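> when you get a sec, could you give me coordinates for this:
(chains A and B)
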Amino acid sequence: MNVLSRHKNTVVLTTVLLAQLLALAVQVKRQTAEGPVRVIRLVAVSSLAPFERLFIHTGESVRGVWANYIDLRNVRRENLRLKAESGQMRLDRAREQEDARQARRLQALLGFKEQWIDATVAAQVIGTSGSESSNLLYLDKGTKDGIRSDMPVITPDGIVGKVLTVYDETAQVLMISDPTSGVGATLANSRLKGIVNGTSGGELRLNYIMGDETVRPGEALVTSGGDRVFPKGLPIGTVVNVSMGRNLFLDIKLKPAVDLDRLEEVLIVTEQKPRAPDTTDLGSIGAADILAQHLPGVPASSVAPPQPSSAAAAPVTAHAEGSKPKPAAPVPAHGDASKPKPAVPAPAHAEGSKPKPAAGEGTPPQ
Amino acid sequence: MRAANLSYTSREQVEVYRFSWPLSVGLPILLVGLQAFVPVRLHFFRIFDFGLLLTVFFAVSRRSQLSGLLTGAAIGLLQDCFTHTPFGVFGIAKTLVGYGASSIGIRIDVENPGSRFLLVFFFYGVHQAVVVAIERELMGQSVHLNLGHEAGAAVCNSVMAVFLFAYLNRFKIRI
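Got it, this is the predicted structure:
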């Protein structure tokens, strides 16, 4: 006799019980550290996560052995190339350090505060939603590792998404390519601001840029910090195509800075702190610099300190030569004892005497 | 068997099959699970919807509308567990696919690779249309169908179905 017919009552009972359990699991939400989560989702993720982790880690080990062998074979050629690259990068770095010093000093002048990344946790990608219409990742870190929802997820190349739901040992990440995702963005050159959304096809679009603005393919896009999730200035992607969209806005397609299809390891930003830029290594700032910043139209002679050899006077004079005044140039007296100090110490460092930030950009993020 | 008089199939083609419980429960969990974490390494795997393929396979083999829709609902809900969308998006779509596939399975030859290809191609389209309709109308999302991509995905799933169904045939138990 068929097993099913012999145990018909048991099968029916089991089916009815399972159906009710399923219905309950769908309705009931369990309280976790991150708020209520549906039981069915909790059970599904918790039961599959160990297998996913085992699968990924086994694969990693096998690939590691093979990759080590291949790496050894290519290491000599790679070494030569890296040496050449390193020399070039040292030159670039020296120039960029100078630019960075100048930028930090200007930020200090404006009383500028930014969200800085203070701590990150590295995590391994162990799963996806398995569906093209839901761009999710599962990571092998959870509440036990200090992960909370809404934490930004990044790689050294740019942003990936934000933590959506956290379980004990697993976290669900909503990728920036998901249709329900939104990231505050700024175009790096034109400084136009918009919102980056995903599409159902997993592409990225920059929305809410007016049709009369000029946006060119190739322009980089960084986070604006306006979404209160991502720190300002992280790469999002580059513009690949611009066309006129609906509702007077441009339709701007983006290429993500991170290869979202091939993510293996990511960083979860666990701590951000508002901090003013560190200017301790930049030397003091002259009053002339501040005047040059806030009164750019004032002729050099009227703001220059009486000493003609003053270091602070030099950049102001330089500005006055051109028809269009520019923001303060680097202070040439970075800790150099042989050069004369600026006449007036920098009042911009003091909290109480901060100059007003410029509209929009200078507003400290909350 | 009862539908034999109404169908365009031979007697052989309206045979009704069943599957062992471990296979009926284990296979969807295995394939849906694989679909969730294999794309981490093999991205193109995302294009396959094994939940859909199994729904169609079980539905046309069992040739029972009740069984087909319940199987579709169960597999769909299992897939919903791994997304961030509300439960029921894939559940509803696959319930409809299961019901439709079992209804068609009674009437046409579904043992032929050609008909299996067309069947999966058709139901992939139905499935995506239902998902998009739910996302647009019920969830209020602005979803746009990329027809070229969907057609490509439908072909890939149909080709996969031909091989997968041929392999799974060996687990059928004739009633």
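> the helices in the chain, which residues?
Assuming you mean chain A. A:3-6, A:8-27, A:39-109, A:287-294, A:300-303, A:313-321 (DSSP state H).
> I was after chain B.
Going by DSSP H, chain B shows helices at B:21-37, B:50-62, B:65-80, B:89-107, B:113-133, B:147-168.
> nearest to A:Thr120, out of the ones you listed?
Judged by C-beta to C-beta, the one of the helices of chain B that comes nearest to A:Thr120 is helix B:21-37, at 23.7 Å. To be clear about C-beta, it is placed using only N, CA and C from the backbone, and glycine gets the same treatment.
> re earlier: the helices of chain B: which one's closest to chain A?
Proximity to chain A (C-beta to the nearest C-beta) singles out helix B:21-37 among these, at 3.8 Å.
> quick one: the closest one to helix B:65-80, angle?
30 degrees (axes from the mean of the first three to the mean of the last three C-alpha atoms, to 10 degrees).
> what is helix B:21-37 packed up against?
In this structure, helix B:21-37 packs against helix A:39-109, strand A:114-128, helix B:50-62, helix B:65-80, with contacts taken as 3 or more C-beta pairs under 8 Å, 6 or more residues apart in numbering or on different chains; DSSP states H and E.
> how about B:His144: what's its closest non-neighbour residue?
Nearest residue to B:His144 in three dimensions, chain neighbours excluded: A:Ser200, at 5.9 Å (C-beta to C-beta, 6 or more residues apart in numbering or on different chains).
> can you pull the contacts of the one you found?
Going by C-beta atoms under 8 Å, 6 or more residues apart in numbering or on different chains, A:Ser200 touches A:133, A:179, B:132, B:135, B:141, B:143-146.
> farthest pair within these?
B:Gln141 and B:Asn146 (14.9 Å).
> look up how far chain B lies from A:Ala119.
Separation of A:Ala119 from chain B (C-beta to the nearest C-beta, to the nearest Å): 25 Å.
> check A:Leu42 too.
According to C-beta to the nearest C-beta, A:Leu42 stands 9 Å off from chain B.
> what pLDDT does the model give that residue?
pLDDT, A:Leu42: 78.
> A:Arg148 reaches A:Val163, doesn't it?
Yes. Contact status for A:Arg148 versus A:Val163: in contact at 6.9 Å, counting by C-beta atoms under 8 Å.
> what's the helix or strand bottoming out on mean pLDDT in chain B packed up against?
Within chain B, no helix or strand scores below strand B:173-174, which has a mean of 80 by mean pLDDT, DSSP states H and E. Strand B:173-174 makes packing contacts with strand B:17-18 when contacts are defined by 3+ C-beta pairs under 8 Å, 6+ apart.
> and the strand it packs on, average pLDDT?
For strand B:17-18, mean pLDDT rounds to 83.
> can you check stretch B:85-93 too?
Looking at stretch B:85-93 alone, the average pLDDT works out to 84.
> quick one: A:Met151 from chain B, how far?
For A:Met151, the distance to chain B equals 16 Å [C-beta to the nearest C-beta].
> how many residues are close by that residue?
Residues contacting A:Met151 under the criterion other C-beta atoms under 10 Å in any protein chain shown number 21.
> then B:Asp49?
When counting by other C-beta under 10 Å, one arrives at 31 neighbours for B:Asp49.
> do the same with the one 10 residues further on
The local packing of B:Ala59 (other C-beta under 10 Å) involves 30 other residues.
> excluding chain neighbours, what is closest to the residue positioned nearest the centre of chain B?
By C-alpha atoms, centre = their mean, chain B has its centre lying nearest to B:Leu52, at 2.8 Å. Of all residues not flanking B:Leu52 in the chain, B:His127 sits nearest, at 5.5 Å (C-beta to C-beta, 6+ apart).
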